[in-house]
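> Give me a model of this one.
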Amino acid sequence: METMNNSKQHAALLCSPGMGHLIPILELAKQLVAHQNFTVTIFVVSSQTSHAESQLLNSTPTNPQLWHVVQLPPPDISGLVDPDDAVVTILAMMMREVRHAFRSALLGMEVCPTMLIVDLFGTESLPVAEELGISKFVYVPSNAWFLSLMVYCPVLDVEVKGDFVHQKEPIQIPGCRSILPHLDLVDTLSVRAHKEYLDFVEIISSGVSKGDAILVNIWEDLEPKTLAALRDEKLLGRYTKVPVYPIGPLIRPTESSGSRGKVFDWLDKQPNESVIYLSLGSGGTLPYEQMTEMAWGLELSKQRFVWVIRKPTQTADGAFFTGGSGNGGDEDSPSKYLPKGFLERTKDVGLVIPLWAPQVDILAHPSVGGFLSHCGWNSTLESISNGVPMIAWPLYAEQRMNSTLLTEEFGVAVRSKIPPWKKVVEREEIEEMVRKIMGEKEGFAMRDRVRKLKTRGAKALEKGGSSYNALSQFAKHGELRCMKFADGRK
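Numbers count the residues shown, from 1 in each chain. This next block holds a predicted model:
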């Protein structure tokens, strides 16, 4: 086994499948290498179904002397889950079953890791770090309000009677914004009898606060009240029991060189802040009726647009897309499921892009002035970091909480009067929201607020900024503790 010198540490990062986990893990690795004198090995459990995930992994440059990516084959869980199980259940089972393969891969490393960093679904591998005598950390690539819910969830699981979704009063979290069951509640926690509820509570109870510290992808003054509660032993600090380090906003960088294709050729010809970008992330899709209303709302708004689109579901609400990238055949063509004549009528004002687009580069383009987003935290930070206000269109997971933060706390987004998972949002309301963020007085005010957040987030990452300092403090936890590592390999 090779030993490390006193000036360099080696971190092993474990990432569960999905772009929402992969992007922040990759960006954290880059920060550790660039600014904290680390070398890193990223262990990725690939889903092997997501086009965006595969493209990101294949395009990620590696430097064997500084960092590299190891793809762990996904375990066969076909006999352990049902076809209609929720994504949370599938991910939890996948990460549970990959533990032995991960432990073997970790022991096979030539260099002793000084720390293990896992994402939320990788927490069941924290005992491996204990066994090998290395530091261990949990990275929650979301906001502090969501972290507060996770930290306090085991208490709520005992104290709240009945299903969370049926609670009449707001759900209270000490020192934090309360959660409205009908509007903010993470869908995984809605019904106790559902398997996903049990899996989520088990993950939280067994892992979030079991590391030496918790990392969160925000910066200090974005959610100061919630961070204070997480650190206060009279409030949530009694449950976290470990330091919480806000190290964000960590997002994908933009590509700055070379020709970038049709969408950018088209954007280059549009006026500044005149285009609204629509995307529901790498895994979101709409039901057919809602997609029809979305198309008509866009057309009625007469606003320039770039719309990343995939085939609609047959369900009544938004769904998580798990069927891969599509085969690019005729059945995947937007003309098959958009309103008749829509593409022809809007050809001079908009672009429809099937399946995937380079989101960060589009949001960074000067002609983009608005973003209809599913409110995944990666997309949220990408929008804020580019000074782009949003239409919040949450679908699943903590996106409902993110939507409330964006609209009620930060004031940089609008949302429909009734959540899109409860009823179809009609074209007239979509038209109104598009016009509001793109051209009306309220939209200009939101644009001013999001630009201020952009500036504050950028300063936090600079040397001497709050996130830069937090990452430095976190790095000090990674002292060389490899004594058990050699024994574990025998």
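> Only C-alpha atoms from now on, for both contacts and neighbour counts.
Noted.
> Quick check: mean pLDDT of stretch 374-382?
Averaged across stretch 374-382, the pLDDT comes to 96.
> Next: stretch 309-317.
pLDDT averaged over stretch 309-317 gives 75.
> How about stretch 94-110?
pLDDT averaged over stretch 94-110 gives 92.
> what's the first-to-last distance across it?
One end of stretch 94-110 to the other measures 26 Å (C-alpha to C-alpha, to the nearest Å).
> Repeat that for stretch 132-145.
This stretch, stretch 132-145, spans 33 Å end to end (C-alpha to C-alpha).
> Enumerate the positions of stretch 339-354 that are buried.
Phe342, Leu343, Thr346, Val349, Gly350, Leu351, Val352, Ile353, Pro354 (16 or more other C-alpha atoms under 10 Å).
> what are the ranges of the strands in the stretch 101-250 of the chain?
With DSSP state E, counting those that start in this stretch, the ranges of strands along the stretch 101-250 of the chain come out as 115-119, 135-140, 214-216, 244-246.
> So which of the buried residues of stretch 339-354 is the closest to Phe164?
Checking the buried residues of stretch 339-354 against Phe164 by C-alpha to C-alpha gives Pro354 as the nearest, at 37.0 Å.
> Can you tell me, leaving aside adjacent residues, what's nearest to the closest one?
Distances taken as C-alpha to C-alpha, 6 or more residues apart in numbering place Ile309 nearest to Pro354, at 5.0 Å, with adjacent residues excluded.
> do the same with His21
Spatially, and ignoring its direct neighbours in sequence, His21 is nearest to Cys15 (6.4 Å; C-alpha to C-alpha, 6+ apart).
> wait, isn't the one you found in contact with Leu28?
No. With contact defined as C-alpha atoms under 8 Å, Cys15 does not count as touching Leu28 (11.5 Å).
> The two: which has the busier surroundings?
Cys15 (28 against 23; other C-alpha atoms under 10 Å).
> What separation is there between the more buried one and Thr41?
Taken as C-alpha to C-alpha, the span from Cys15 to Thr41 is 11 Å.
> what do you get for Ala144?
From Ala144 over to Thr41 the distance is 27 Å, taken as C-alpha to C-alpha.
> More neighbours: which of those two?
The neighbour count for Ala144 versus Thr41, taken as other C-alpha under 10 Å, is higher for Ala144 (28 against 22).
> residues in contact with the more buried one?
Listed by C-alpha atoms under 8 Å, 6 or more residues apart in numbering, the contact set of Ala144 reads Val216, Ile218, Glu223, Thr226, Leu227.
> hmm, try it at 10 Å
By C-alpha atoms under 10 Å, 6 or more residues apart in numbering, the contact list for Ala144 reads 150, 176, 215-220, 222-230, 244, 246.
> Same question for Asn37.
Applying C-alpha under 10 Å, 6+ apart to Asn37 gives the contacts Ser7, Lys8, Gln9, His10, Gln31, Leu66, Ala475.
> what's the closest of the buried residues of stretch 339-354 to Val165?
Pro354 (34.8 Å).
> Drop anything exposed from the contacts of Ala144.
150, 176, 215-220, 222-223, 226-230, 244, 246.
> Nearest residue to Arg231 in space, ignoring adjacent ones along the chain?
Arg231 sits nearest to Gly237 (C-alpha to C-alpha, 6+ apart), 4.6 Å away.
> pretty sure the one you found contacts Leu147?
No. Here Gly237 does not reach Leu147: they are 11.9 Å apart, not a contact under C-alpha atoms under 10 Å.
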